[in-house]
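*Asks:* sequence and predicted structure, then a few things I'm wondering about:
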Amino acid sequence: MDGQRREPHALRLARRQALSSDALLDRLRDALRDPEPVVDSDPRLASDGVSNAAALAVLLELEPEARERQLALGIPADVVEATLGDLRRSHRPDDAASVLDWMIEILRGDVVQIGRLQVERRAGEWGHALHIPQEGPLDPASVDASLMRIRSFTGSDRFSCTSWLLDPVLQAELPASNIAAFARRFELVLPDHPSGEDGAEAAARFVFRRPLAEVLDPAAVVPRTSLERLVAGRLRAGRGWTQPVGVLRPA
């Protein structure tokens, strides 16, 4: 050998991760500052092999600038804090690198959280899209309060939701549940989302906060509630879940 010691493999990996994280930080900062909407396919949102932990660290690094941006847009301070709370959800350390397209919308304030629900600030074909955070109850009173404030915030009465929670199976099998009550608020306009998004994966992550592959393994995930038994049973039977598109019925 020439007297130079080879860099340990673990150190090389750490250095590579650090360089990738720096590049990701630069790209996401650029996307955060972009005056134009950022689409899901934007190459700036590619994780390029960055770990979930490193991706989350990058997102948290951008939080102060994101807060400043949202306040400058006139978003109320309590809404800004609730929105940025998405960075600290319990499942975020396990999925940050795979949801950068979602997280940039959170950082930019393109999606904001108002009460129990999240809403897109720009309206689409069926109005402003609503989203349901994975954590917290979905009781009717909380949803009512959230929708009332969302209507005031957006100045609109047109809203839509694309979610496996609108799959008619849930209303048929768990008619007295909060999820079924939420789904009944919507009139379905498409039986499944045309993007081909995987309703099975969405259901697994929403209910168990685990990837579909783990939920399919009875040794890895043991259902305990009626919802968990229903979701896991269908997934393990290969029947899956759809992601219908629904429009909110008039109040």
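*Replies:* Great, that's in hand. Numbers count the residues shown, from 1 in each chain.

*Asks:* assign a three-state SS to the residue nearest the centre of the chain, would you?
*Replies:* Nearest to the geometric centre of the chain sits Trp102, at 5.9 Å (C-alpha atoms, centre = their mean). Using DSSP: H, G, I helix; E, B strand; the rest coil as the criterion, the local structure at Trp102 reads helix.

*Asks:* could you do the one 5 residues further on as well?
*Replies:* For Leu107, the reduced secondary structure class is helix; criterion used: three-state DSSP.

*Asks:* go on, Ser160?
*Replies:* strand.

*Asks:* bridging residues for it?
*Replies:* With DSSP bridges applied, Ser160 shows beta-bridge pairing to Ala129, Val247.

*Asks:* tell me the pLDDT at it?
*Replies:* Note for Ser160: predicted pLDDT of 98.

*Asks:* tell me which stretches of the stretch 51-200 of the chain form strands.
*Replies:* Using DSSP state E, counting those that start in this stretch, the strands of the stretch 51-200 of the chain run over residues 111-114, 117-120, 128-131, 159-162, 186-190.

*Asks:* make TSV out of those and add mean neighbour count and distance to Asn178.
*Replies:* To be clear about C-beta, it is placed using only N, CA and C from the backbone, and glycine gets the same treatment. Formatted as TSV, the strands of the stretch 51-200 of the chain follow (neighbours: other C-beta atoms under 10 Å; distance: least, C-beta to C-beta, whole Å):
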stretch	mean neighbour count	distance to Asn178
strand 111-114	24	18
strand 117-120	22	13
strand 128-131	21	15
strand 159-162	23	15
strand 186-190	15	14
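
*Asks:* mind listing what the nearest residue to Leu166 once chain neighbours are set aside touches?
*Replies:* Nearest residue to Leu166, sequence neighbours excluded (C-beta to C-beta, 6 or more residues apart in numbering): Pro244, at 4.3 Å. Neighbouring residues of Pro244 by C-beta atoms under 8 Å, 6 or more residues apart in numbering: Thr162, Ser163, Leu166, Asp167, Pro168, Leu188, Leu190, Pro191, Asp192, His193.

*Asks:* ok so, going back, the residue nearest to the centre of the chain: what's it in contact with?
*Replies:* Applying C-beta under 8 Å, 6+ apart to Trp102 gives the contacts Val111.

*Asks:* from Val119, how far off is it?
*Replies:* Between Trp102 and Val119 the distance is 14 Å, computed by C-beta to C-beta, to the nearest Å.

*Asks:* okay, and the common contacts of these two?
*Replies:* Joint contacts of Trp102 and Val119 (C-beta under 8 Å, 6+ apart) are Val111.

*Asks:* now Asp42: how far from Trp126?
*Replies:* Applying C-beta to C-beta, the value for Asp42 to Trp126 is 23 Å.

*Asks:* swap in Pro211?
*Replies:* Noted for Pro211: a distance of 29 Å to Trp126, by C-beta to C-beta.

*Asks:* which of those two has more neighbours?
*Replies:* Trp126 (17 against 14; other C-beta atoms under 10 Å).

*Asks:* ok, now which ones touch that one?
*Replies:* Neighbour list for Trp126: Arg158, Phe159, Ser160, Val189, Val245, Val247 [criterion: C-beta under 8 Å, 6+ apart].

*Asks:* ok so, going back, dump the strands of the stretch 51-200 of the chain into TSV; add distance to Ala54 as well.
*Replies:* As requested, the strands of the stretch 51-200 of the chain are exported to TSV (distance: least, C-beta to C-beta, whole Å):
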stretch	distance to Ala54
strand 111-114	23
strand 117-120	25
strand 128-131	25
strand 159-162	30
strand 186-190	37
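
*Asks:* looking at those strands, spot the one closest to Asp95.
*Replies:* Closest to Asp95 of these, according to C-beta to C-beta: strand 128-131, at 15.2 Å.
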